[in-house]
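J.: Take a look and give me a structure for this.
(2 chains)
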Amino acid sequence: MVRTLATLAMGFAFPAAVFAHHGWGSYDAANPVTVQGQIEALKYENPHASITVKAADKVWVVTLAPTSRMQTRGAPPEFVAVGKTVSAYGYPSTVEKDEMRAERITIEGKTVELR
Amino acid sequence: MLHEAPQFLIALEQSALGSAIRQSSWAYMAANVGHILALMLFVSTVAVMDARLLGAFAAAPPATVVRPVRRLAAVGLLLLAGTGFVLFTAEATHVATNPVFQLKAALIVLGIGNALLAGRLLREALDETPAFAPLPTQAWLCAVLSLSVWVTVAACGRLIAYF
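T.: Predicted coordinates:
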């Protein structure tokens, strides 16, 4: 009985574990982009902070990290304040138009890893 | 997301509660941790209950296992609902339009329906079946459905972030 239950549970858990390794499923990691421009808006909130960046080609929504991680990595709200110029390296969303998820951002010469 | 979501979801997400959850440094995190802890309580108690229905712990009369454990499972479900509501409210439009969440929601309805139905169908059998005696076939069906549904619900919950 216990063995049957364990087998049943593993049968469900295993595919989940396989999927979980593709954590960037809805971002195109094969085509990274660097978005450069002025920060037009900041949402410093959970589960992920985000900034709106006016780049040369278009206005991007750049998804950052949870606020607690931002804080510990040295990116408090002042660091990503509206008006600053940012360079964000990351992956474009395959779902949301003009959205990307930043791997790291550089502002005023300081680079912060967000992953 | 905002453009395709129904109005009430937009209203929920943009409510004072929604923004309070997003702007708090701990609320989302706490709800996230609480949701997983509640899930542990819920799934473990469901597994014990279903294992008894499937014939495990045969030395204990089924009612002595199923009845008390079912109450604990109900507590787990309530805690899941509460913490889940916090997580959902923070990103209502995003989450509700996610196909994995939609599957999860449908399976939750199925799981609760199955649990309520099992409670009715098996009431007499539970009261009358002594230790070591077999339970009716419905018990087996309800237990297998319950385990399959709830484990899949848990997997879907974790997978929402990846689709």
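J.: switch to C-alpha atoms for all contacts and neighbour counts from now on
T.: Will do.
J.: mean confidence score for stretch A:59-67?
T.: Averaged across stretch A:59-67, the pLDDT comes to 96.
J.: Does that stretch reach chain B?
T.: Yes: with Cα under 8 Å from any Cα of the partner chain as the criterion, chain B is reached by stretch A:59-67 at A:Thr67.
J.: B:Leu87 - how many residues pack around it?
T.: Around B:Leu87 there are 23 other residues, counting by other Cα atoms under 10 Å in any protein chain shown.
J.: no, scratch that, I was asking about A:Glu96
T.: Neighbours of A:Glu96 (other Cα under 10 Å): 12.
J.: From chain B, how far off is it?
T.: Look at A:Glu96 and chain B: by Cα to the nearest Cα, to the nearest Å, they are 8 Å apart.
J.: Wasn't that residue part of a strand?
T.: No: A:Glu96: not assigned to a strand; according to DSSP: H, G, I helix; E, B strand; the rest coil it is coil.
J.: And it, how close does it get to B:Trp150?
T.: As judged by Cα to Cα, to the nearest Å, A:Glu96 and B:Trp150 stand 30 Å apart.
J.: What segments of the chain are helices?
T.: Just so you know, I chose chain A. Assigned by DSSP state H, the helices in chain A fall at A:2-20, A:67-72.
J.: try again with chain B
T.: Assigned helices in chain B, in chain order: B:7-14, B:16-23, B:27-53, B:62-90, B:92-96, B:99-121, B:123-128, B:137-159 (criterion: DSSP H).
J.: Just put the ones you listed in TSV and tack on mean pLDDT and distance to chain A.
T.: Shown next, in TSV, are those (pLDDT from 0 to 100; distance: least, Cα to the nearest Cα, whole Å):
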stretch	mean pLDDT	distance to chain A
helix B:7-14	95	13
helix B:16-23	96	5
helix B:27-53	97	7
helix B:62-90	97	8
helix B:92-96	92	11
helix B:99-121	97	12
helix B:123-128	94	20
helix B:137-159	97	6
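J.: Would you reformat these as CSV and include distance to A:Pro32?
T.: Rendered in CSV, the data for the helices of chain B read as follows (distance: least, Cα to Cα, whole Å):
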stretch, distance to A:Pro32
helix B:7-14, 30
helix B:16-23, 28
helix B:27-53, 29
helix B:62-90, 28
helix B:92-96, 24
helix B:99-121, 26
helix B:123-128, 59
helix B:137-159, 24
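J.: pLDDT score assigned to the closest residue to A:Tyr27 other than its chain neighbours?
T.: Leaving aside its sequence neighbours, A:Tyr27 sits nearest to A:Ser93 (Cα to Cα, 6 or more residues apart in numbering or on different chains; 4.3 Å). What the model reports for A:Ser93 is a pLDDT of 93.
J.: do the same with A:Thr4
T.: Listed pLDDT for A:Thr4 reads 54.
J.: what does A:Arg115 give?
T.: Confidence score, pLDDT, at A:Arg115: 90.
J.: just checking, it touches A:Glu103?
T.: Yes: using Cα atoms under 8 Å, A:Arg115 makes contact with A:Glu103 at a distance of 5.6 Å.
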